[in-house]
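Trainee: need a 3D model of the sequence below.
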Amino acid sequence: MSILLLITEKLLKIYNLKYFFNFPINIMKIVTDKVNLAELKELAASMLGNLVKAVVDIKKEIIAVDAELHSDEEALLLKEGSNQEDIWE
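Mentor: The predicted structure is shown next:
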């Protein structure tokens, strides 16, 4: 992860920002519980209204969501200890 992205994430958390230069900011997260329809709609709204990208660790039964690229979600799961063979995009 680039240093700029790390700084941006920290600033977003500090100032609770949802936009950066008038573009929506997506902060990837790992979901460990059930997700309801309202939460999916909220996630989709940040991705142009009708799309939620996700990558699943089938062994840990967790999902990384809310990134522009599946590869970013995959990297997050790997960083958090998932094994490559357990990840499905």
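Trainee: look at the closest residue to E74 other than its chain neighbours and tell me its secondary structure.
Mentor: Nearest residue to E74 in three dimensions, chain neighbours excluded: V55, at 5.0 Å (CB to CB, 6 or more residues apart in numbering). Bear in mind the C-beta positions are built from the backbone N, C-alpha and C, glycine included. Following DSSP: H, G, I helix; E, B strand; the rest coil, V55 is assigned to strand.
Trainee: show me which parts of stretch 59-76 are buried, residue by residue.
Mentor: K60, I62, I63, A64, V65, D66, A67, D72, E73, E74, A75, L76 (16 or more other CB atoms under 10 Å).
Trainee: re the thing from before, what's the local residue count around the residue nearest to E74?
Mentor: With neighbours defined by other CB atoms under 10 Å, the count for V55 comes to 25.
Trainee: what's the per-residue pLDDT of it here?
Mentor: For V55, the pLDDT comes out at 92.
Trainee: got the contact list for it?
Mentor: I63, A64, H70, E73, E74, L77, I87, W88, E89 (CB atoms under 8 Å, 6 or more residues apart in numbering).
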